[in-house]
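**Q** Show me the folded form of this:
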Amino acid sequence: MTEQFPRRPSTGISVIIVGAGFAGLSAAIECDRKGHHVTLLEKASTIEEITRFGDIISFDPNGARLFERWPGVIEAMYKIARKTSWLDLYHWRGEFVTRQSFEGEKKWGPRINGHRGELYSIIYDHAVKRKLDIRLGQRVSDYFENADKAGVVVNGERMEADVVIAAEGVRSRGRKIVLGFDDKPKSSGYAVYRCWFSSDAIKDNNTIKHLVVEGDTHSGYIGPDLHFLVSSLKDGKEFNWVFTHVDDGNIEESWQFPGKIEDCLKYVEGWAPVVQEIVRSTPKDARLIDHKLVFRDPLPTFISPLARIVLIGDAAHPFLPTSIQGASQSIEDGVVLASCLELAGKGEVPLALRTHEKIRYERVHQAQATGVKTREKWHKANWDEINKTPEAIHLTREAWLLDFDAEKDCYKRYHELATSVRSERPRL
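**A** Residues are numbered from 1 along each chain as shown. Okay, here's the model as predicted:
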């Protein structure tokens, strides 16, 4: 039923995408929309290996608006997304400070907050309906390129295309060919505990039942070098909590493993009774994850020397959760890259990748900086000042970032920037 999914005329460009997370899957859909031939490689043997992660993910208007162009996707997301348009912020000992409303952002586009696995499944189902070539159980061990083609070694065999998109996260093997050396993720000094469970576990708990019995809620408790966020979804039927804390763990050993309630309680000792009770009441069978936040120095480039391989999403620019932009920026990456390839044509793939980088580089790094800014605002809160001006603790929400259409911007600026790129000497 191809009439359901309008596509631009075929460009003849073949694309290999490595990694079927949000970045890779979205890039595959966008490349298909723009008329490219896509092969999507994913190391997981089943999609359940991807969707089983039980934490919340957010798409701000600049990312979520792009889902509106994928028939049926945004409508399905609305059915499971959190329905709040505000965030209630509290002092870590329990005093209410301020409510931040996001109602005014509706003019910029939709906001989607929901279960990571469920939202991913909606996008994946759309990709399947588009009949994309998605191959599971594919382990990529190396990348290569020449002047005319790029490729990967997958399950021991070579595979070639006009362009390869590396979208397999912070440990992407594509980073070596882009940078010229192996780099390793560093500890950011912070980690996140994430948890999700049915609200049945707390709906009769007098201390915290108000968080679920009246429908969806969204709250945050701000304290010294720690912030604790809690929300309910699906009319209060499901519940999740997450908190970011200082961490000195060695990410070389692991960056994600099961968390322990007793460890979480140590971090929130002395905090508001609501916070402690949330952690204490977490069911034993709930999925609790301790996730190390990795840090990487900003890359000098996202593209390989011959501009046939490009990094997107976390492979190019990992975000802190406090930016609320990691997922949205990965969607933007795929949209812009697919559009640049369409505008350049098969004979100008390197120009397309260099122009994509020109469009994305500054915006992505400005967006990354918002995560550090928010973390510092919360973790080092000046309560004397906040008592005078409560809105000082609000999340920074700016039009340049949120009221933005990556596809429209690319179509508008591509030819001017491509002309500029042509005059630059390619990296050797």
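
**Q** From now on I want contacts and neighbour counts done on CA atoms only, so please keep to that.
**A** Fine.

**Q** looking at the chain, which residue ends up farthest from its center?
**A** Relative to the centre of the chain, the most outlying C-alpha is that of residue 206, 35.1 Å out, by C-alpha atoms, centre = their mean.

**Q** Give me the three-state assignment for it.
**A** coil (DSSP: H, G, I helix; E, B strand; the rest coil).

**Q** And the lowest mean pLDDT element among the helices and strands of the chain?
**A** Every helix and strand in the chain was compared by mean pLDDT, DSSP states H and E; the lowest is strand 256-258, with a mean of 77.

**Q** Could you list the buried residues of the next helix or strand after that strand?
**A** Once the chain leaves strand 256-258, the next helix or strand it forms, by DSSP states H and E, is helix 261-267. Using 16 or more other C-alpha atoms under 10 Å as the test for burial, helix 261-267 gives 261, 264, 265.

**Q** again with stretch 56-71
**A** So for stretch 56-71, counting by 16+ other C-alpha under 10 Å, buried means 56-67, 70.

**Q** Just give me the least confident of these.
**A** Among these, residue 56 carries the weakest pLDDT, at 88.

**Q** related to what we said a few turns ago, export the buried residues of helix 261-267 to CSV and append columns for distance to residue 105.
**A** Shown next, in CSV, are the buried residues of helix 261-267 (distance: C-alpha to C-alpha, whole Å):
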residue, distance to residue 105
261, 36
264, 34
265, 36
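
**Q** pLDDT weak spots in the protein?
**A** Scanning the chain for pLDDT under 70 picks out the ranges 1-3, 53-54, 248-255, 295, 425-428.

**Q** Next SSE downstream of the top helix by length along it?
**A** The longest helix of the chain (DSSP state H) is helix 349-379. As assigned by DSSP H and E, the chain's next helix or strand after helix 349-379 is helix 383-388.

**Q** Distance from the chain centre to whichever helix or strand comes after that next one, please.
**A** Next helix or strand after helix 383-388 toward the C-terminus (DSSP H and E): helix 399-402. Its chain's C-alpha centre and that of helix 399-402 lie 17 Å apart, by C-alpha atoms, centre = their mean, to the nearest Å.

**Q** any chance you could map the helices in the stretch 51-200 of the chain?
**A** Counting by DSSP state H, counting those that start in this stretch, the stretch 51-200 of the chain has helices at residues 61-64, 73-80, 116-129, 174-179.

**Q** so can I have JSON lines of the ones you listed showing distance to residue 52?
**A** Output for the helices of the stretch 51-200 of the chain, formatted as JSON lines (distance: least, C-alpha to C-alpha, whole Å):
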{"stretch": "helix 61-64", "distance to residue 52": "22"}
{"stretch": "helix 73-80", "distance to residue 52": "16"}
{"stretch": "helix 116-129", "distance to residue 52": "6"}
{"stretch": "helix 174-179", "distance to residue 52": "26"}
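
**Q** Tell me which of those helices lies nearest to residue 149.
**A** Across the helices of the stretch 51-200 of the chain, residue 149 has its closest neighbour in helix 174-179 (14.2 Å, C-alpha to C-alpha).

**Q** name the helices or strands packed onto the closest one?
**A** With contacts taken as 3 or more C-alpha pairs under 8 Å, 6 or more residues apart in numbering; DSSP states H and E, helix 174-179 sits against strand 140-145, strand 309-311.

**Q** in that helix, what counts as buried?
**A** In helix 174-179, counting by 16+ other C-alpha under 10 Å, buried: 174, 175, 177, 178, 179.

**Q** list the contacts for the third one?
**A** Spelled out, that is residue 177. By C-alpha atoms under 8 Å, 6 or more residues apart in numbering, the residues touching residue 177 are 143, 144, 304, 305.

**Q** correct me, but the first one touches residue 178?
**A** No - because the distance of 9.7 Å does not satisfy C-alpha atoms under 8 Å, residue 143 is recorded as not touching residue 178.

**Q** By neighbour count, which of the contacts of residue 177 wins?
**A** residue 304 (26 neighbours; other C-alpha atoms under 10 Å).

**Q** Just give me the neighbour total for residue 399.
**A** Residue 399 has 11 neighbouring residues, counting by other C-alpha under 10 Å.

**Q** Distance check, it against residue 405.
**A** 11 Å (C-alpha to C-alpha, to the nearest Å).

**Q** got it, and residue 126?
**A** To residue 405, residue 126 is 21 Å away according to C-alpha to C-alpha.

**Q** Residue 257 and residue 287 touch, don't they?
**A** No - assessed by C-alpha under 8 Å, residue 257 is found out of contact with residue 287, at 10.4 Å.

**Q** Show me which of the two is the more surrounded one.
**A** Taking other C-alpha under 10 Å, residue 257 and residue 287 do not tie; residue 287 has more neighbours (17 against 12).

**Q** one step back: closest one of the buried residues of stretch 56-71 to residue 338?
**A** So of these, ranked by how close each gets to residue 338 (C-alpha to C-alpha), first place is residue 66, at 13.1 Å.

**Q** Contacts only, for that closest one.
**A** Neighbour list for residue 66: 331, 405 [criterion: C-alpha under 8 Å, 6+ apart].

**Q** Describe which strands the helix or strand hosting residue 294 pairs with in its sheet and in which direction.
**A** Applying DSSP H and E as the criterion places residue 294 in strand 287-295. Strand 287-295 has the following strand partners under DSSP bridges: strand 186-198 (antiparallel), strand 256-258 (antiparallel).
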